[in-house]
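Engineer: Quick check, what structure comes out for this input:
(one chain, ligands or ions: 1)
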Amino acid sequence: MAIIIDGKALAAKCKEEIRQQVASLKRRPGLAVILVGNNPASRVYVTSKEKDCAECGIYSEEYALPAEFGQEALLELIDTLNHNAEIDGILVQLPLPKGYDYDEQEVLLSIDPRKDVDAFHPYNVGRIMIGDYTFLPCTPAGVMEMLDAYGIDPAGKKCVVVGRSNIVGKPQAMLLLHRHGTVTICHSRTPELAAVTREADILVSAVGKTGLITADMVKEGAAVIDVAMNRDENGKLCGDVDFQAVKEKAGWITPVPGGCGPMTRVMLLRNTLSAALANGKG
Ligand code: NAP
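Structural biologist: Numbering: from 1, shown residues only. Below is the predicted model of the structure:
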């Protein structure tokens, strides 16, 4: 029976540490969150980010903009925030509304890399690649934090990451590599996925397909990290991993909800704190 990795409890501990560090700063960190359009899921994320900031003493500004706000106006707003000394982090909630003239890549490029607390700017992506970074993307950073907290050292282990997105899969693989894991990345065109995942000492699934990872795909005693946030047929939040069956076989497992989600949220606060420190607010 696996040890259940309690992301919620660990996130609460990290948050308290951040709150204490923020309280000791000369000036408070500031985060600007930009939400364009009225995607309900994005609305929930933005509200929770503001609540998290308030709990840690981080100043936050929300820009809730209509879908038709437009690319040029958005770039102008980002430029203003880039030059605003109160603001250390700028986050544009993705996806931007479909059916308008938004260019997400241009938007991400317009954020000052020193304020890019999502770590999506190519400059920060490049720094992650060479292992010299100020920010890590929040979800993979949260995964590493959980592995560390439970004494799961990637060094010398076979690590398999399922999913190769720029925001989760690729940076996750890179972080495991930096920590001396032997890393394999799988994706939709990987043949015989089960044969690959069965080799993993550390298995991270970041796909978005309920029930993708079944018990027969998991090595006995492996650490299984489920990044996905899916809805089952009853609308209940769930991951990629068949939690009930896999927990009987794995050594460690993250639940959904209560695993990667809370850790992702708290890593944004840590990034904002790091940005403020780099900005001389310490
Ligand atoms: P994404 O951009 O859609 O990427 C999904 C990846 O899964 C792709 O690389 C895709 O391969 C691969 N894939 C699809 N079907 C597959 C299959 N049958 N076998 C193996 N690989 C397959 O998604 P994402 O943004 O990385 O997010 C992944 C999941 O994590 C989603 O459920 C998302 O909601 C969740 N998420 C959670 C958090 C959190 O806070 N916990 C944060 C971010 C994301 P190809 O590249 O070949 O298409």
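Engineer: For residue 64, give its distance to the ligand.
Structural biologist: Between residue 64 and the ligand the computed distance is 21 Å (CB to the nearest ligand atom, to the nearest Å). (Each C-beta comes from the backbone N, C-alpha and C, glycine too.)
Engineer: what's the helix or strand for that residue?
Structural biologist: Using DSSP states H and E, residue 64 sits within strand 59-65.
Engineer: List the buried residues in the following helix or strand past that strand.
Structural biologist: Toward the C-terminus, strand 59-65 is succeeded by helix 71-82 as the next helix or strand (DSSP H and E). By neighbour count with 16 or more other CB atoms under 10 Å, helix 71-82 contains the buried residues 71, 74, 77, 78, 81, 82.
Engineer: Looking at these, spot the one nearest residue 60.
Structural biologist: Residue 60 has its nearest neighbour among the buried residues of helix 71-82 in residue 81, at 12.1 Å by CB to CB.
Engineer: Can you tell me, leaving aside adjacent residues, what's nearest to residue 25?
Structural biologist: Among residues not flanking residue 25 along the chain, residue 281 sits closest, at 5.2 Å (CB to CB, 6 or more residues apart in numbering).
Engineer: What is the burial count for the one you found?
Structural biologist: Counted with other CB atoms under 10 Å, the neighbours of residue 281 add up to 18.
Engineer: Next: residue 157.
Structural biologist: Applying other CB under 10 Å, we find 19 residues neighbouring residue 157.
Engineer: Isn't it up against residue 181?
Structural biologist: Yes. Because the distance of 5.3 Å satisfies CB atoms under 8 Å, residue 157 is recorded as touching residue 181.
Engineer: quick one: common contacting residues for those two?
Structural biologist: residue 202 (CB atoms under 8 Å, 6 or more residues apart in numbering).
Engineer: Counting by contacts, list what the helix or strand residue 124 falls within packs against.
Structural biologist: Per DSSP H and E: residue 124 is located in helix 122-130. Judged by 3 or more CB pairs under 8 Å, 6 or more residues apart in numbering; DSSP states H and E, helix 122-130 is in contact with helix 169-178.
Engineer: Do you have the strands of the protein handy? List them.
Structural biologist: Assigned by DSSP state E, the chain shows strands spanning 3-4, 30-36, 59-65, 89-92, 158-162, 182-186, 202-205, 223-226, 230-231, 237-238, 252-253.
Engineer: Neighbouring strands of the second one in the sheet, and parallel or not?
Structural biologist: It refers to strand 30-36. strand 59-65 (parallel), strand 89-92 (parallel) (DSSP bridges).
Engineer: residues in contact with stretch 186-193?
Structural biologist: Against stretch 186-193 from outside (CB under 8 Å, 6+ apart): 160, 161, 162, 163, 164, 169, 196, 197, 217.
Engineer: Can you report how many residues lie near the first one?
Structural biologist: Other residues lying near residue 160 total 27 when counted by other CB under 10 Å.
Engineer: and it, what does it touch?
Structural biologist: 183, 184, 185, 186, 196, 197, 199, 200, 202, 203, 204.
Engineer: Pull up the residues of this structure that are close to the ligand.
Structural biologist: Taking CB under 6 Å from any ligand atom as the criterion, the chain approaches the ligand at residues 139, 162-165, 167-169, 186-190, 193, 206-209, 227-230, 260-261, 264.
Engineer: Can you select the buried ones among those residues for me in ChimeraX?
Structural biologist: Command for ChimeraX that selects the buried part of these, burial taken from 16+ other CB under 10 Å:
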select :139,162,163,164,165,167,168,169,186,193,206,207,227,228,229,230,260,261,264
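Engineer: From the residues of the chain next to the ligand, which land in helices?
Structural biologist: Those of those mapping onto helices are 139, 169, 193, 260, 261, 264, per DSSP state H.
Engineer: circling back to that earlier point, ok, and what's touching the helix holding residue 124?
Structural biologist: Residues contacting helix 122-130 (CB under 8 Å, 6+ apart): 109, 113, 116, 119, 133-137, 166, 171, 174-175.
Engineer: Neighbour count, distance to residue 150 and pLDDT for those residues - can I get that in a markdown table?
Structural biologist: Formatted as a markdown table, these follow (neighbours: other CB atoms under 10 Å; distance: CB to CB, whole Å; pLDDT from 0 to 100):
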| residue | neighbour count | distance to residue 150 | pLDDT |
| --- | --- | --- | --- |
| 109 | 16 | 37 | 98 |
| 113 | 18 | 32 | 98 |
| 116 | 24 | 29 | 98 |
| 119 | 23 | 24 | 97 |
| 133 | 20 | 23 | 91 |
| 134 | 16 | 26 | 90 |
| 135 | 27 | 23 | 91 |
| 136 | 24 | 19 | 95 |
| 137 | 28 | 21 | 96 |
| 166 | 12 | 27 | 95 |
| 171 | 26 | 20 | 98 |
| 174 | 22 | 21 | 98 |
| 175 | 25 | 16 | 98 |
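Engineer: Lovely, talk soon.
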